[in-house]
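[1] compute the structure for the input listed below.
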Amino acid sequence: MRGTLLIGAAFSAALLAFAAPASASLIASYNFNEVSGSIAHPTVGAIDGTLVGDASFVGGGVQGNAVSMTADGNGLVDFGTSLMPSNPFSVQIWVNTTSGSGAPLSYHTATVVAGFILGIGDIGDGCGGTAGTVSFYVAYPCSGHSVTAVNDGEWHQLVGVFTGSQTLVYVDGTLETGSPGGNPLNAAPANTVFSAGGVTVAGVPKASYNGLLDNLQLYDHALSGTEVLELYNSQVPVPATLSLIGAGLLALGLKRRA
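    Residues are numbered from 1 along each chain as shown. Now for the predicted structure:
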């Protein structure tokens with residue numbers, strides 16, 4: 001009976017809000033669980049995001065809702081110019097797309113070698129890459145591109161880590177590629193916007209991504225491989241059938257215990 005309770009609790013725990021690794025400082029987090037409106041409120045931090053263009057809150061996220069957007073509709077989430085990375089830093093975003101290219105997350109002004117882009121495919125940032133593969137641009141050299149392609153219409157966790165001299169790319173909790181070192185974190189222009197789904201062009205946020213985004217996090221810390229995997233395991237979507245089984249087992253265990 002105790003085993004039944006533990007199994008049910010384990011399944012149910014997977015549905016709860018994720019926790020940050022204890023050794024890292026989480027300075028901004030957004031779960032995009034709003035059901036309407038145009039403001040994404042932070043779960044950690046104080047800066048709101050504004051949904052622009054055709055960006056909207058929809059169901060079917062990693063844990064709750066998500067943001068849907070298209071590049072053609074100029075869809076993105078604009079967090080303004082105050083949310084910026086430190087040295088070192090890490091960023092996470094979950095993506096669900098069938099597009100071979102785009103910028104799920106950036107703090108970058110086009111033509112200026114500064115800031116960062118967590119990108120998919122060849123988006124003209126000098127990283128190149130085949131359709132659906134992931135790179136992390138923090139000046140040069142680029143991180144290189146992941147082996148895993150993420151444009152399969154399924155949810156994938158993307159994490160970019162900047163150690164102070166290297167950029168590393170993780171997909172679904174696994175380190176896939178990294179730079180040989182020497183990357184500077186150059187200061188971006190003052191009008192550069194931190195955005196989910198786009199980049200800054202001539203002082204204006206411009207959409208670059210087509211699909212769903214969820215669970216954005218910014219850390220003032222270079223996450224370790226263990227920490228990235230912890231994040232993945234705490235957020236990975238639980239199949240609906242397993243969720244129902246877990247809830248049923250938990251209810252049955254509690255009933256029998258009573």
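[2] now do the strands in the stretch 1-150 of the chain.
    Remark: strands of the stretch 1-150 of the chain, listed N- to C-terminal, are 26-30, 39-40, 49-52, 56-61, 64-69, 76-78, 89-96, 102-107, 116-120, 134-137; assignment by DSSP state E, counting those that start in this stretch.
[3] among those, which comes closest to Gly144?
    Proximity to Gly144 (CB to CB) singles out strand 134-137 among the strands of the stretch 1-150 of the chain, at 6.7 Å. Yep, even glycine has a C-beta here, placed from its N, CA and C like the rest.
[4] what's the closest one packed up against?
    Contact analysis of strand 134-137 by 3 or more CB pairs under 8 Å, 6 or more residues apart in numbering; DSSP states H and E lists strand 116-120, strand 156-162, strand 167-171 as its packing neighbours.
[5] what average pLDDT does stretch 62-69 get?
    Confidence over stretch 62-69 (mean pLDDT, whole number) is 97.
[6] how about TSV for the helices and strands packed on strand 134-137, with distance to Ser135 and mean pLDDT added?
    Conversion of the helices and strands packed on strand 134-137 to TSV gives the following (distance: least, CB to CB, whole Å; pLDDT from 0 to 100):
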stretch	distance to Ser135	mean pLDDT
strand 116-120	5	96
strand 156-162	9	98
strand 167-171	6	97
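[7] hey, which of those strands is tucked in deepest?
    Among these, judged by mean count of other CB atoms under 10 Å, the one packed with the most neighbours on average is strand 116-120 (a mean of 28).
[8] where does the stretch 1-150 of the chain have low pLDDT?
    Residues of the stretch 1-150 of the chain that meet the criterion pLDDT under 70 lie in 1-24.
[9] list phi and psi for the residue nearest to Gly64 when sequence neighbours are not counted.
    Using CB to CB, 6 or more residues apart in numbering and skipping residues adjacent in sequence, the residue nearest Gly64 is Asn33, 4.1 Å away. Dihedral angles phi and psi of Asn33 (degrees, to the nearest 10) take the values phi -90, psi 10.
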